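J.: Give me coordinates for this.
(chains A and B)
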Protein chains: 2
Amino acid sequence: MTAPDPSLEAAETAFRDVLAESPARAAVLLVDVHPADAVEWLRDTEDRDRNLVFGAMPPACQASILEHADEALTQELIAPLDARLLTQVLEELPSDEAADVLIEADDRVANDALERLSPDTADALRTLLSFDPESAGGIMATDFVVTQPGERVGDVVKSVRKGADDIESEVGVFVLDQQRRPIGYLSDRALLTHTIHSPVEDVMCAPFMVAVDEDQEGVAQLMAKYGLQSVAVVDDAGGILGVISAEDAAAILEEEVDEDIALLIGVGSDQLQTRLPILVRVRQRLPLMGITVVAGLASAQILAIALGHGSEDGGGGVQQAILRYLPLIVGLAGNVGIQSSTIFVRGFATGEVDEDREWPVFFTEWVVGTLIGALCGVATWLVAGLIESRTPGLGAAVGFAVFAAVAWAAMLGGVIPIACRRLGIDPAVVAGPFLIALSDVSGSAIYIFVAREIAMR
Amino acid sequence: MTAPDPSLEAAETAFRDVLAESPARAAVLLVDVHPADAVEWLRDTEDRDRNLVFGAMPPACQASILEHADEALTQELIAPLDARLLTQVLEELPSDEAADVLIEADDRVANDALERLSPDTADALRTLLSFDPESAGGIMATDFVVTQPGERVGDVVKSVRKGADDIESEVGVFVLDQQRRPIGYLSDRALLTHTIHSPVEDVMCAPFMVAVDEDQEGVAQLMAKYGLQSVAVVDDAGGILGVISAEDAAAILEEEVDEDIALLIGVGSDQLQTRLPILVRVRQRLPLMGITVVAGLASAQILAIALGHGSEDGGGGVQQAILRYLPLIVGLAGNVGIQSSTIFVRGFATGEVDEDREWPVFFTEWVVGTLIGALCGVATWLVAGLIESRTPGLGAAVGFAVFAAVAWAAMLGGVIPIACRRLGIDPAVVAGPFLIALSDVSGSAIYIFVAREIAMR
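T.: Take a look at the predicted model:
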């Protein structure tokens, strides 16, 4: 099923054909597609068509699409909606998802939409919005079933049936005391396997609770460690405010790991987005490339001080000056190479970069790397040229070598993982130290031959 | 709850106090502890005591412990069990977990244990063991409830109740045709919310299936994408062989991401294990450090060829020779630094490195880094000394600088993430390019001052 599914591909082709003629008819096709697939198709659709298709769908389908869309896509999809249309979508969404959608909406439209909702729903949403979006309060759902000791399993099952359309599924039922503090938990499976006459206090197990201001990563760790289907979110007094499902917790762990990886390779705290515009990706990476440039220039100065700044004017002095910039060149090239290769390795692992998207992603990644190489090249040309004015041509040699070595490393960082996958080798095996080693050797070679031509004539 | 839980810490202290006197009494205490916590306590217990405690527990508790233990701990815990004791544990485990335990057992004991099990159970386990452990067949469970069209919800609920103790929970029920091919799926929630008189074909939804030889990562991606509670694993003819739960799929995604990260930073394909013996960790990292050493030596040779090997015998020639080894030094130091910092960032994120373990893990990580530095230092000393015999002392300077720069980078790689967490800064922000930049500058400085002292006198 993870190899491209032929029937799914045919459906997408049909969708694109219809879309070219009539977005309204394409919207009808999307209604029968799993929202997780519909989201992927919409992501690969041009802005104007995407908005036309989404606008032509019934609110319930729009809601399922938004439940599967990431933040960036949600923002784009709801941007054209006015308060009336947004309200219709919000009414179809569970509370936690509705709050996530509201965060992405224009403030004025969001406020108007809240006014149009029923006061209870609006109050619940305002409360959810008041919590830090990365805390337990920011991710919990407020639609859930509770029960009290003294009730019987049959009563609980009736409550679940009554609320079935509106409540978060798969989270079971919490048993509360008089102060609405969780004292027990019943999974759906427990409700199924006990007779309807069993008192809930006889069949419930111990509930797990988290504080409303607990960090979302901590909540997700807790749920993964104990294999929980759900946790109750409680206020300072221990009263229940909401519930978090295992599915939401798993999504958070994925999100957090992508954020950590993105930060570790210095591509900004955003997720490893291969669909962002090229210039946005360049801008996100520049600050940390700046650190590498500054460090490289600092290394060159430390070496100059230790060895004596251009102590001779012969070939030895020029050679020494050239070699001082080696750490800068290989450092920058290694950085960009590892950024590209990591983005591919993760993209393969999450399925974001499937076989169809390999080469388009390769091309945009390579352009991003090359632009970064060009910008860092110009910067180092100017600064190194100024510092090393006694060695004419050295600044130009450093700048050009930065550009060439970085563009080359960006190419290796894409080609190597793609080739590995084609050959059936795990790309992660080769995309790390092996890639850096290759990039170091080739970066050194590129630099030294460039420098010899430009600065040592 | 993720901040150290005082009652849990007190319970662990009590456990350790009792353990010092009587492992058997400590085993009794463990019975009331959540197995996820018991596993952590046992992991931090000395081998001999651990085996005594585990051996004194009833088989059902041993089984829950093994369900939460990783492969390495499972192997250690079951090593002292004979076939009779192992059989008792296997009987308490769901089929997929029992197969995972058997994989870690000594072959002879495993075979004896299979002989002692009921023929049905043994056959099911032998079949599971015949699949690739990283495929759908290797991770599926074979204990599940199925139904046929024509049955009613009430009948299905009865089957679930009857099998409750033995079946994989939270996976719902698949509806099969005459050839045992899945044609529908009923979640626990669907069984709860429909009346017992509903025919299953009216309330079932479409089932998701994967082939038995599908890669486990593909299965986990599919389940995450569509938010599935379970998938059916089918043979070539489409007949059901087993089921995979969302919880198992989430665990696989975590495992795969840790494996990818471990490979990307070159610490072997094992998970990011901070509890492995120091020498095992050194051995796992050496092959990829070797690649970095070879690449660094190759860079030095390329530079020598491009610039002319020691064209002068004055200070310029020595300086050139020294500078040619810069990429080697900063490359090795950067590698080791990023290995340590990534291990901390992931350890914080997964909860493996909690506040109690920060300094012990720092110390072992630093020893690992320093040993690697020493080994690479000796290797480069010999090789560089041989290659650069015309520059006396250069080999020693390179070797000593490798050792010093790598040991220093290993220290930075631990101290920086720990300090960040203490200061409330996200460690991942600083542990990537910033750390490498710092390691590059300080590595260059360490090397050049060492080289000046040793080789330029």
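
J.: gap between the lowest-mean-pLDDT helix or strand in chain A and the chain center?
T.: The helix or strand of chain A with the poorest confidence is helix A:315-324; it has a mean of 78 (mean pLDDT, DSSP states H and E). Helix A:315-324 has its C-alpha centroid displaced from the chain centroid by 45 Å (C-alpha atoms, centre = their mean, to the nearest Å).

J.: That one to helix B:315-323, inter-axis angle?
T.: Calculated by axes from the mean of the first three to the mean of the last three C-alpha atoms, to 10 degrees, helix A:315-324 forms an angle of 20 degrees with helix B:315-323.

J.: Report all helices and strands that helix A:315-324 contacts.
T.: Counting contacts by 3 or more C-beta pairs under 8 Å, 6 or more residues apart in numbering or on different chains; DSSP states H and E, helix A:315-324 packs against helix A:278-307, helix A:394-423, helix A:433-455, helix B:315-323. Quick note: C-beta positions are derived from backbone N, CA and C, even for glycine.

J.: Let me know the angle separating the second one from helix A:278-307.
T.: On the basis of the same axes, to 10 degrees, helix A:394-423 is oriented at 120 degrees to helix A:278-307.

J.: Same check on the shortest one?
T.: What separates the directions of helix B:315-323 and helix A:278-307 is an angle of 130 degrees, with the same axes, to 10 degrees.

J.: Mind checking the pLDDT average for the helix or strand where residue A:381 lies?
T.: Assigned by DSSP states H and E, residue A:381 belongs to helix A:358-387. For helix A:358-387, mean pLDDT rounds to 94.

J.: now that helix against helix A:315-324, angle please.
T.: Going by the same axes, to 10 degrees, helix A:358-387 makes 140 degrees with helix A:315-324.

J.: TSV for the helices and strands packed on helix A:315-324, including mean neighbour count?
T.: Below are the helices and strands packed on helix A:315-324 laid out as TSV (neighbours: other C-beta atoms under 10 Å in any protein chain shown):
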stretch	mean neighbour count
helix A:278-307	19
helix A:394-423	23
helix A:433-455	23
helix B:315-323	24
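
J.: of the ones you listed, which approaches residue A:203 most closely?
T.: Nearest to residue A:203, of all the helices and strands packed on helix A:315-324, is helix A:394-423, at 49.4 Å by C-beta to C-beta.

J.: okay, residue A:40: pLDDT?
T.: At residue A:40, the model reports a pLDDT of 89.

J.: same question, residue A:312
T.: Looking at residue A:312, its pLDDT reads 46.

J.: so can I have CSV of the helices and strands packed on helix A:315-324 showing distance to residue B:198?
T.: What follows is the helices and strands packed on helix A:315-324, written out as CSV (distance: least, C-beta to C-beta, whole Å):
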stretch, distance to residue B:198
helix A:278-307, 51
helix A:394-423, 46
helix A:433-455, 57
helix B:315-323, 80
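
J.: where does the stretch 1-150 of chain A have low pLDDT?
T.: In the predicted model, the stretch 1-150 of chain A carries pLDDT under 70 at residues A:1-4.

J.: residue boundaries of the strands in it?
T.: Counting by DSSP state E, counting those that start in this stretch, the segments of the stretch 1-150 of chain A that form strands are A:146-147.

J.: all helices of it, in order?
T.: Using DSSP state H, counting those that start in this stretch, the helices of the stretch 1-150 of chain A run over residues A:6-21, A:23-30, A:35-43, A:47-55, A:59-68, A:71-78, A:83-92, A:95-104, A:107-116, A:119-130, A:136-139.

J.: most packed of these?
T.: helix A:136-139 (a mean of 25; mean count of other C-beta atoms under 10 Å in any protein chain shown).

J.: contacting residues around that one?
T.: By C-beta atoms under 8 Å, 6 or more residues apart in numbering or on different chains, the surrounding residues in contact with helix A:136-139 are A:96, A:99, A:128, A:130-133, A:210-216, A:219, A:231, A:233, A:241-242, A:244, A:248, A:252.

J.: hmm, back to that, out of the helices and strands packed on helix A:315-324, nearest to residue B:195?
T.: Smallest distance to residue B:195 across those (C-beta to C-beta): 50.0 Å, for helix A:394-423.

J.: among the contacts of helix A:136-139, which are in reach of chain B?
T.: Residues shared between these and the neighbourhood of chain B are A:210, A:211, A:214, A:215, A:219 [C-beta under 8 Å from any C-beta of the partner chain].
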